[in-house]
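K.L.:
Predicted model and sequence follow; I will ask about them next.
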Protein chains: 2
Amino acid sequence: MGPVALRALAGLPEVGPGEDLARLIAGALGETPLAAGSVVAIAHTVVSKAEGAVVELGGVTPGPRALELGDEMDKDPRLIQVVLDESAEILRAERGVLICRTAHGFVCANAGVDLSNAGGAEPGEVAVLLPRDPDGSARTIRGALAAITGCSPAVMITDSFGRAWRHGQVDVAIGLAGLAPLDDWRGRADADGLELRATWLAVADAAAAASDLARAKDSREPVVVIDGLDRFVSAADGPGALSLLRPLAEDMFR
Amino acid sequence: MGPVALRALAGLPEVGPGEDLARLIAGALGETPLAAGSVVAIAHTVVSKAEGAVVELGGVTPGPRALELGDEMDKDPRLIQVVLDESAEILRAERGVLICRTAHGFVCANAGVDLSNAGGAEPGEVAVLLPRDPDGSARTIRGALAAITGCSPAVMITDSFGRAWRHGQVDVAIGLAGLAPLDDWRGRADADGLELRATWLAVADAAAAASDLARAKDSREPVVVIDGLDRFVSAADGPGALSLLRPLAEDMFR
């Protein structure tokens, strides 16, 4: 295998509603252009902000359940109302965290709602949601990047998710265009000629996790370019990140 | 942030019991030497084989529970006996997979026992276990690499684990020496001056996931060198990978 290289793009300005993200990314590429086999990994917050997937807490009236959970968890009930609005189901409410299944089907803390990096005049008063259709967002950005740069890199939108059995979070793919979500080696033979077991690689999630290593959390580096994954990049946009979700009937959490 | 680069080491020979892994790795480095801030990521199977953490299935007599589960799951009951022997607890037995908590505390499929790449005269007849003490193995390899190469890179031992809510596997860290398992930003301020939420990065797991992108599954490339993570590499061996495990009382799976 050839090497894999990751670099964060510096110099992206603050992103507001209606911003043309593809143009901002193309402008921040510097001297190293995108290749057709590049993967552009984007932290979802800038996508959400550009798409206006934000809620001003000042305009939120918490309902009875949000007030009750806010009291129990010592959290702003307006923020909890936003989390409830984003959730198809609340799986757990413990240790100050709501574990939710979002309308898209993602299982994550607080339905992916985040006060961090919300920008605006009064930081903390704006909740950033997940994009409405992250695979669609990735396809749109990919198309726009292709139009501007003349090559068609894969685009991945990421968020940091916790894990059931392990501390901390790693980034996973929530939106994909042109990157294989999974690489299925089940049933193929390994170097010994023996059947490989449990080898169904979540390529996109591994790439998402990797992308977070290339940026500092306190800096404005939401975009990381990954080179060396050409074998997983396709001209077609492919099945998207939703194909990474287990069907509810196979959810091992239940 | 500077760039992050990953390269798989080519030319490692088949690893057998008693093999000096550090010497093999040093010999496979080629023209690019290790730096003090490098991370050497090693797929656990070669560590287990070098340490003799393997079981010949021919010598295993399955007990009643292994016979019963083997019948239910249509699996070799000898292999299931090995999985049971490696498990402190069986959390689930469904869809042909045993979800186990190992003696170390890892929650994973089949207690990490693998027939893949087992090598030997009769492929498939040898089960490869997880190393007995993966943090200890990482420390030993780190010390030996330092003695041979004159610099002391971090060493990480990895395995591919499934996830509760998502398809496929990603590599996680099961042994660590000199690499921070977690980067704790909880309570620190982000670029807006706002408190960051849910920002407790599982650095080592992200690096493990990244390492798997730099090798092909069907090739003999168990070792990947990661450069650019210097800020997470320390002279001290640090707390190890066991510190990534949630205490049982906080296990969200239960």
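P.N.:
Structure received.
K.L.:
Packing partners of the longest helix along chain A?
P.N.:
Ordering each helix of chain A by length in residues (DSSP state H) puts helix A:134-149 first. Secondary-structure packing of helix A:134-149 (3 or more CB pairs under 8 Å, 6 or more residues apart in numbering or on different chains; DSSP states H and E): helix A:21-27, strand A:39-43, helix A:44-51, strand A:154-162, strand A:169-177. (C-beta placed from N, C-alpha, C; glycine too.)
K.L.:
mind giving me TSV with these and columns for mean pLDDT, distance to residue B:241 and mean neighbour count?
P.N.:
Formatted as TSV, the helices and strands packed on helix A:134-149 follow (pLDDT from 0 to 100; distance: least, CB to CB, whole Å; neighbours: other CB atoms under 10 Å in any protein chain shown):
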stretch	mean pLDDT	distance to residue B:241	mean neighbour count
helix A:21-27	96	35	19
strand A:39-43	97	25	26
helix A:44-51	95	28	25
strand A:154-162	96	17	26
strand A:169-177	97	14	28
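K.L.:
Looking at the ones you listed, spot the one closest to residue B:25.
P.N.:
strand A:169-177 (25.7 Å; CB to CB).
K.L.:
partners of the very next helix or strand once past the closest one in the sheet?
P.N.:
Going down the chain from strand A:169-177, the next helix or strand is strand A:183-184, by DSSP states H and E. Strand A:183-184 has its sheet partners listed here by DSSP bridges as strand A:200-201 (antiparallel).
K.L.:
if we can go back for a sec, so for the longest helix of chain A, what gets flagged as buried?
P.N.:
A:134-135, A:137-142, A:144-146, A:148-149 (16 or more other CB atoms under 10 Å in any protein chain shown).
K.L.:
Let me know the closest of these to residue B:103.
P.N.:
Looking across the buried residues of helix A:134-149 and measuring by CB to CB, the closest to residue B:103 is residue A:134, at 39.4 Å.
K.L.:
Now the closest one. Nearest residue, chain neighbours left out?
P.N.:
Spatial nearest neighbour of residue A:134, chain neighbours left out: residue A:175 (2.9 Å); criterion: CB to CB, 6 or more residues apart in numbering or on different chains.
K.L.:
Repeat that for residue A:73.
P.N.:
residue A:96 (5.3 Å).
K.L.:
Test my guess that the one you found contacts residue A:74.
P.N.:
Yes: between residue A:96 and residue A:74 there is a contact under CB atoms under 8 Å: 7.3 Å.
K.L.:
Out of the two, name the residue with the larger neighbour count.
P.N.:
residue A:96 (11 against 7; other CB atoms under 10 Å in any protein chain shown).
K.L.:
Quick check: pLDDT value at the more buried one.
P.N.:
pLDDT for residue A:96: 76.
K.L.:
Show the contacting residues for the residue nearest to residue A:245 when sequence neighbours are not counted.
P.N.:
Spatial nearest neighbour of residue A:245, excluding adjacent residues (CB to CB, 6+ apart): residue A:105 at 4.8 Å. Residues near residue A:105 by CB atoms under 8 Å, 6 or more residues apart in numbering or on different chains: A:88, A:242, A:245.
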